[in-house]
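K.L.:
coords below, sequence missing:
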């Protein structure tokens, strides 16, 4: 192993997050603050989870499942708490971000109809920090000479291939990508519930879906230690797709528009549409530049004519 | 610490269990960690044939592995024919040394494994410095030495660590056999068991550089503002030396320097070393000789009045000196000779009041040293003198030698006497004093003639399995040598030699032999446990404090000087005058209120009964630093007449075992990273602000309150 591997792992794990951050957050100071506030809320939930784990482990002999459940609930509650905090703060934020007046914070985007965007920003903050916590110790180890597994192997007399091996960095990387994107979708779902609660009877559905999918994904992860890596990742990826589709529905789309969108994306990718567009744009720009300027005298003459 | 408990199996390595840097005036030796020699795959070298794999870098076993190796190697495979391969190998990170469990007997001639040079202390030899001889003319240790200059004088590219703990060794062996042991078809595959170890030295270069950088003015900018201390980079090798005066030194009025007495110094060295310096018990190099001197001292101590009376009459005294650092260019004796020349031995002259009369080099008549006792071939001993000096004072020296012969004969041992004026003294403490005075005579009693018979002088393998016969023979030799010492000393001071005076306590010799040599640790036997009486504390987590080691080291991090000090107090101390002292506090008060510090009062238990009493003795435990590297003696700075050995301060880390995976997967991961980045750019590039900002027709949201 080595530093090259660690760098590769970090790039692979956080590419989606970086792309989202650069596209939607980096240009807006308020969103940057909200992004990091999301990370903070997730850390607070982790603190409560660890305290709960500590407390439970003094009472019960095996607290793994219970602690895991408590941890998931704590994370979802932190999302709710963040929503409530933002709701309280949104009037003030609105004053800062309102366009068309003298803004105290130039460069910020306004908050009109931006609840899903806010959910994306805050969810990404939570996702990034959770993925970072999940991976950073492992990636630090990968930078050294060794990999996980020897102490356990010496104890048991055999190596547990499900918890060690050369594909371990890949497992961590895929998990990190999934975790980040899941947090975005869960936040959109939970906040949608929070937003609609008391307005429509089915408001709890997105929130419940978030909690259930969170529990499902987490307990599926625990199957990794039994060697079902491929199956677990396949199912988790499927759940992620379902969650994204559901978020698309929450944001006013339909399942068919989502499927069409994906289909179109794949077609565009295969036909290199972005590249073609880029080339065409450049061609147009070149053509525009190749049109000669009118002579100064003529321009001046025209100006004189207009003035006259 | 993150996942480290799931990655590393950590084995704690105490101070002294690994090879580190040492220096003399011109060179640096030992080991230093760097990026090249920290990590490696564990392999085994169990027998001579396995060294072929070292030549081929184990390519046939681990064809896909291109890194370095840590070789698990029993100490007894470090031999003349293997050392060059270890030194020159480019695929070794280091070696993990361990005791093979194969028993070596004192008379075993098949294991030539002295880690000392062919000519020990050649650079400090009196004859070389007096230009009477070329460098290393007499190869006295040629039979045993593994290399010409000794293993302490090698600047290794690799690291070395010594594993003494059997549990730790089993873990390494298990790790090897689980992952690295080639299958029956000779192949093996990932994952492999790897090991990392790091010992970082603070100093580099040589003693001169180190000494210069260690001065306070050179360290001004490194000084800690709060404590005022500057970090120590290295230090002179130094430790306690023990001087015992059965007949206390006379005192002199202020400023009087008249020579009033003559002395015979009975001496034995108290240090040894190995390839990893700390790892050396020095059974024959040190301990047997010390036991014989202790037995003689005890015999003298039981009849001390006779000796004192004779000394007072003849003005001739005998005293015992146990020098430390003798195997490293005579650190102890060199410093003692310097102090004698400057009137500082055993204490500084006090011009304001009555002081102990300083012993000067010209007051030393004889230096009676014993070496390598217990391994004589047959029943023959040799006495070594300097031929020229012997001729100058032949009559008196012959008389001393005659008494030694009688002493040996009384136990059925023969003595080969000096042959003539061409005789040279083998490496011995005498060389230090010979440089200081032209008349001091050497009487070196040892079981070798022109060359050492014992082939593991100063070696990790100077640790033997003694059969009952070998043990009995060694005890007889110690007894005979003790008797010879007593006989020579008695004749010198004028005590009439009779059966009582020359009677040595064989039972005591047997007991101390079993305690110091047969036992696993100094305080394992009943005798030593009673002598300890709960006073010994393992203050440092160092090899010298937890295992038997006689290495001098840089600090007082070894237990042996304490052990020897207590044994000497037992041998020569007396409670006849202090029977009324019933507490440790009162005992220490007696020492504090002396007009001049001639006696020491020690609250020490009797090793037979365990009862404490206040023992009065004239024993000095003195830290001796070679004048060449002592900041107190700047005028002698780097003077090669004295030892210039120094040691680096070092930071030792634990051994970590871990699993090594195939590094080729790194490239796959880089590819995955690139794909992930491209996909992310592509996917996110298709989205825009409008993807997430949806007008749901909510008035508040349109007004800017989205939630």
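P.N.:
Arrived safely. Here the structure is a predicted model, which means the values were calculated and not measured.

K.L.:
can you give me how far stretch A:144-159 is from the chain middle?
P.N.:
Taking CA atoms, centre = their mean, to the nearest Å, the mean C-alpha location of stretch A:144-159 is offset from the chain mean by 33 Å.

K.L.:
what do you get for stretch B:431-451?
P.N.:
Computed by CA atoms, centre = their mean, the chain-centroid distance of stretch B:431-451 equals 22 Å.

K.L.:
pull out the buried positions in the helix or strand harbouring residue A:78.
P.N.:
Here residue A:78 sits within helix A:64-97, counting by DSSP states H and E. For helix A:64-97, the neighbour count (16 or more other CB atoms under 10 Å in any protein chain shown) marks A:67-68, A:70-76, A:78-80, A:82-83, A:86-87, A:90, A:93-94, A:97 as buried. Where you see a C-beta, it was placed from the backbone N, CA and C, and this is true even at glycine.

K.L.:
can you show me the helices along the stretch 501-650 of chain B?
P.N.:
Counting by DSSP state H, counting those that start in this stretch, residue ranges of the helices within the stretch 501-650 of chain B are B:506-513, B:526-532, B:543-546, B:560-572, B:584-592.

K.L.:
residue ranges with poor pLDDT in the stretch 51-200 of chain A?
P.N.:
Filtered on pLDDT under 70, the stretch 51-200 of chain A yields the residue ranges A:99-105.

K.L.:
and the residue of it nearest chain B?
P.N.:
Closest approach of the stretch 51-200 of chain A to chain B (CB to the nearest CB) occurs at residue A:146, with a separation of 2.7 Å.

K.L.:
tell me the contacts of the nearest residue to residue B:420 once chain neighbours are set aside?
P.N.:
Using CB to CB, 6 or more residues apart in numbering or on different chains and skipping residues adjacent in sequence, the residue nearest residue B:420 is residue B:387, 5.9 Å away. Counting by CB atoms under 8 Å, 6 or more residues apart in numbering or on different chains, residue B:387 makes contact with B:418, B:420, B:421, B:422, B:423, B:424.

K.L.:
didn't residue B:97 look like it was pressed against residue B:164?
P.N.:
No. Counting by CB atoms under 8 Å, residue B:97 does not reach residue B:164; the two are 9.4 Å apart.

K.L.:
the residue in chain B positioned nearest to chain A - how many residues pack around it?
P.N.:
Residue of chain B nearest chain A, by CB to the nearest CB: residue B:658 (2.7 Å). Look at residue B:658: counted by other CB atoms under 10 Å in any protein chain shown, it has 28 neighbours.

K.L.:
run through the bridge partners of residue B:445.
P.N.:
residue B:370, residue B:383 (DSSP bridges).

K.L.:
and the residue of chain B closest to chain A, what helix or strand is that in?
P.N.:
strand B:655-660.

K.L.:
give the buried residues for the helix or strand following that strand.
P.N.:
Note on strand B:655-660: by DSSP H and E, the next helix or strand toward the C-terminus is helix B:665-685. Within helix B:665-685, the residues scored as buried using 16+ other CB under 10 Å are B:665, B:666, B:669, B:670, B:672, B:673, B:676, B:677, B:680, B:681, B:683, B:684.

K.L.:
now do the contacts for the residue nearest to the fifth one when sequence neighbours are not counted.
P.N.:
Leaving aside its sequence neighbours, residue B:672 sits nearest to residue A:12 (CB to CB, 6+ apart; 5.1 Å). With contact set as CB under 8 Å, 6+ apart, residue A:12 has these partners: A:173, A:177, B:669, B:672, B:673, B:675, B:676, B:677.

K.L.:
of residue B:97 and residue B:164, which one has the most company?
P.N.:
Applying other CB under 10 Å to residue B:97 and residue B:164 shows that residue B:97 carries more neighbours, namely 26 against 16.

K.L.:
which residues touch the closest residue to that one other than its chain neighbours?
P.N.:
Excluding its sequence neighbours, the residue lying closest to residue B:97 (CB to CB, 6+ apart) is residue B:162, at 4.7 Å. By CB under 8 Å, 6+ apart, the contact list for residue B:162 reads B:17, B:18, B:96, B:97, B:98, B:276, B:279, B:460, B:543.

K.L.:
among those, name the ones in strands.
P.N.:
B:96, B:97, B:98 (DSSP state E).

K.L.:
kindly state the beta-bridge partners for the second one.
P.N.:
Read that as residue B:97. Going by DSSP bridges, residue B:97 forms beta bridges with residue B:73, residue B:162.

K.L.:
tell me which helix or strand in chain B has the weakest average pLDDT.
P.N.:
Least confident helix or strand of chain B, by mean pLDDT, DSSP states H and E, is strand B:251-252 with a mean of 68.

K.L.:
the very next helix or strand once past that one to helix B:560-572, inter-axis angle?
P.N.:
Under the assignment DSSP H and E, the closest C-terminal helix or strand after strand B:251-252 is strand B:262-269. Orientation check (axes from the mean of the first three to the mean of the last three CA atoms, to 10 degrees): strand B:262-269 against helix B:560-572 gives 140 degrees.

K.L.:
are there helices or strands packed against the following helix or strand past strand B:262-269, and which ones?
P.N.:
For strand B:262-269, the following helix or strand on the C-terminal side (DSSP H and E) is helix B:288-302. With contacts taken as 3 or more CB pairs under 8 Å, 6 or more residues apart in numbering or on different chains; DSSP states H and E, helix B:288-302 sits against strand B:262-269, strand B:316-323, strand B:364-370, helix B:468-493, helix B:506-513, helix B:560-572.

K.L.:
may I have the strands that pair with the second one, each with its orientation?
P.N.:
Counting by DSSP bridges, the strands paired with strand B:316-323 are strand B:239-244 (antiparallel), strand B:262-269 (parallel).

K.L.:
a markdown table for these, including distance to residue B:309?
P.N.:
Conversion of the strands paired with strand B:316-323 to a markdown table gives the following (distance: least, CB to CB, whole Å):
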| stretch | distance to residue B:309 |
| --- | --- |
| strand B:239-244 | 19 |
| strand B:262-269 | 17 |
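
K.L.:
could you export the ones you listed as TSV, including mean pLDDT?
P.N.:
Formatted as TSV, those follow (pLDDT from 0 to 100):
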stretch	mean pLDDT
strand B:239-244	95
strand B:262-269	96
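
K.L.:
right, and those strands - which one's nearest residue B:66?
P.N.:
Closest approach to residue B:66 among the strands paired with strand B:316-323 (CB to CB): strand B:239-244, 44.9 Å.

K.L.:
contacts for the closest one?
P.N.:
With CB under 8 Å, 6+ apart as the test, strand B:239-244 has contacts from B:270-271, B:297, B:319-325, B:332, B:335-336, B:346, B:552-553, B:555-556, B:558, B:561-562, B:564-565, B:568, B:571-572, B:617-624.
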